[in-house]
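Trainee: Predicted model follows, preceded by the sequence.
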Amino acid sequence: MNQEKKIPLIRLAKRDGVQPTTGWLIRIASIIVALLLGCLIIMITGANPFEAYATMVDGALGSEVFVRQTVKIAIPLLGCALAIAPCFKMRFWNIGAEGQITAGALAATFVARLLTGSVPSIVLLIMMALAAIIGGGIWGLIPGFFKAKWNTNETLFTLMMNYIIIGVVAWLQIGPWQARQGRMAQFHSDAILPKVAGVHCGWIVVLILVVIIYFYMNHTKQGYEISVIGDSLNTARYAGMNVGYIMMRTMFLSGAICGLVGFLVASGANGTLSSNIANGVGFTSITVAWLSQLNAFVMIVISFMLAILTKGADTLQTSMNVPVSISNIIIGLLLFCMLGCEFFINFRMIFRSKHHEKEVGKNG
């Protein structure tokens, strides 16, 4: 019995490899598509899209003050992307960076409240940073332990832990640590990070972290173990690696860096603790990590680009009376197109031709 095998109209095929030039052309094309779509959205509001884009760039880079504010936005994005990169390389989906940032900021605030006035400023800042590292590291270690011990779903586990620690801070904010009207008191000047070039010194810290994480992931035994686990758990076990321990170690490292970011935001940018101190950075940094292909140095460019968009969107709202929702839509379109382009880099679409060959088989 002859049977015709139907060929679908569109098929997906994995690309064997894409030339770097082709890959970057696809990425540039995705940005152009996003900007064109953004033009349509802006035109709906009655504004001039070219003027709007110029306003966004000027609002982010048009003056020394604006540049400093843009850098301040980029600092936690870059730090958090560096934090989750080892986990993602290991295919451990850490979606709990928001909570780990909050846990680190909470630990740093506790030390600030406890020791301000008792020790010199430099000692206080170091102890706050260490407390933040430990606090964030422990908050990251918990889901790592459960994953290693009972193979729990790390995506849900880390996500749910965000709400726990944010709820704790919210309770402190309106309860024991409340200073006035649901707000905590500002840090004493001894607990505030010093500024370098007009921005708190956190930008130096995250640039140092870029070098450390790049070296750690590419030139150390621990980084090699992470890569092997990410490629194949069975291969890692066959090679004699303690997979559970490596998972817990990597999650502690990730949480520790997130905790340090929480300290930088609390002590450097905000000067206090609040329940929304992460402000979505933990989720946006996932985009930074993926767009950079987990390359620490590329993360600098992606983080700064997103900071420009964020700061520029705020200016767009105030200068041209464009609703903030429109600004968010434009940013969302750009991120969607930039992430979507990776699909076309890794896969190609095959359309069925009108004169395709028929595959005929026989059933016995």
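Mentor: Thanks, I have it.
Trainee: who touches residue 47 in this structure?
Mentor: For residue 47, the contacting residues are 320, 322, by Cβ atoms under 8 Å, 6 or more residues apart in numbering. Bear in mind the C-beta positions are built from the backbone N, C-alpha and C, glycine included.
Trainee: Ok, residue 320 next?
Mentor: Contacts of residue 320 by Cβ under 8 Å, 6+ apart are 47, 51, 52, 55.
Trainee: avg pLDDT for the one helix or strand the last one maps to?
Mentor: Secondary structure assigned from DSSP states H and E places residue 55 in helix 49-61. Over the span of helix 49-61, the pLDDT mean works out to 89.
Trainee: what's it packed up against?
Mentor: With contacts taken as 3 or more Cβ pairs under 8 Å, 6 or more residues apart in numbering; DSSP states H and E, helix 49-61 sits against helix 20-44, helix 64-89, helix 296-320.
Trainee: which residues touch the following helix or strand past the last one?
Mentor: Toward the C-terminus, helix 296-320 is succeeded by helix 324-346 as the next helix or strand (DSSP H and E). Contacting residues not belonging to helix 324-346 are listed as 14-15, 18, 23, 26-27, 29-31, 33-35, 37-38, 41-42, 45, 287, 290-291, 306, 309-310, 313-314, 316-317 [Cβ under 8 Å, 6+ apart].
Trainee: just stretch 286-305 next, same as before
Mentor: With Cβ under 8 Å, 6+ apart as the criterion, stretch 286-305 contacts 70-71, 74, 77-78, 80-82, 84-85, 88-89, 95, 97, 207, 210-211, 213-214, 217, 306, 335, 338-339, 342.
Trainee: Select only the buried ones of the residues you listed in PyMOL?
Mentor: A single PyMOL command selects the buried members of the contacts of stretch 286-305 (16 or more other Cβ atoms under 10 Å):
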select buried, resi 70+71+74+77+78+80+81+82+84+85+88+89+95+97+210+213+214+217+306+335+338+342
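Trainee: how near is the residue positioned nearest the centre of the chain to residue 214?
Mentor: Most central in the chain under Cα atoms, centre = their mean is residue 285, positioned 1.0 Å from the mean C-alpha point. Look at residue 285 and residue 214: by Cβ to Cβ, to the nearest Å, they are 16 Å apart.
Trainee: wait, which of the helices and strands packed on helix 49-61 is closest to residue 202?
Mentor: Of all the helices and strands packed on helix 49-61, helix 64-89 sits nearest to residue 202, with 4.9 Å by Cβ to Cβ.
Trainee: What angle do helix 296-320 and that closest one make with each other?
Mentor: Helix 64-89 runs at 140 degrees relative to helix 296-320, counting by axes from the mean of the first three to the mean of the last three Cα atoms, to 10 degrees.
Trainee: After helix 64-89, which helix or strand is next?
Mentor: helix 97-115.
Trainee: I figured residue 184 was touching residue 273, is that so?
Mentor: Yes - between residue 184 and residue 273 there is a contact under Cβ atoms under 8 Å: 5.4 Å.
Trainee: Overlap of the contact sets of the two?
Mentor: 109, 172, 173, 177.
Trainee: Taking those, tell me the two that lie furthest apart.
Mentor: In terms of Cβ to Cβ, the shared contacts of residue 184 and residue 273 reach their longest pairwise distance at 109 and 173, which sit 10.6 Å apart.
Trainee: which one of these two has more residues nearby?
Mentor: residue 109 (29 against 19; other Cβ atoms under 10 Å).
Trainee: Which positions within the top helix by length along the chain qualify as buried?
Mentor: For the chain, the longest helix by residue count, based on DSSP state H, is helix 121-150. For helix 121-150, the neighbour count (16+ other Cβ under 10 Å) marks 124-125, 127-145, 147-148 as buried.
Trainee: Make sure residue 349 is indeed in a strand.
Mentor: Yes - checked against DSSP: H, G, I helix; E, B strand; the rest coil, residue 349 lies within a strand.
Trainee: Identify the bridge partners of it.
Mentor: Assessed by DSSP bridges, residue 349 has beta-bridge partners residue 12.
Trainee: Neighbours of it, how many?
Mentor: So residue 349, with other Cβ under 10 Å, has 10 neighbours.
Trainee: List the contacts of it.
Mentor: Neighbouring residues of residue 349 by Cβ under 8 Å, 6+ apart: 10, 11, 12, 13.
Trainee: same deal with residue 216?
Mentor: For residue 216, the contacting residues are 86, 222, 223, by Cβ under 8 Å, 6+ apart.
Trainee: Specify which member of those is nearest to residue 193.
Mentor: Nearest to residue 193 out of the contacts of residue 216 is residue 86 (Cβ to Cβ; 25.3 Å).
Trainee: still on that earlier bit, okay, the contacts of residue 320 in JSON lines with distance to residue 268 next?
Mentor: What follows is the contacts of residue 320, written out as JSON lines (distance: Cβ to Cβ, whole Å):
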{"residue": "47", "distance to residue 268": "35"}
{"residue": "51", "distance to residue 268": "34"}
{"residue": "52", "distance to residue 268": "31"}
{"residue": "55", "distance to residue 268": "28"}
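Trainee: So among these, which ones count as buried?
Mentor: 47, 52, 55.
Trainee: Spatially nearest residue to the second one (excluding sequence neighbours)?
Mentor: Spatial nearest neighbour of residue 52, chain neighbours left out: residue 42 (4.9 Å); criterion: Cβ to Cβ, 6 or more residues apart in numbering.
Trainee: So for that neighbour, what's the pLDDT?
Mentor: Looking at residue 42, its pLDDT reads 85.
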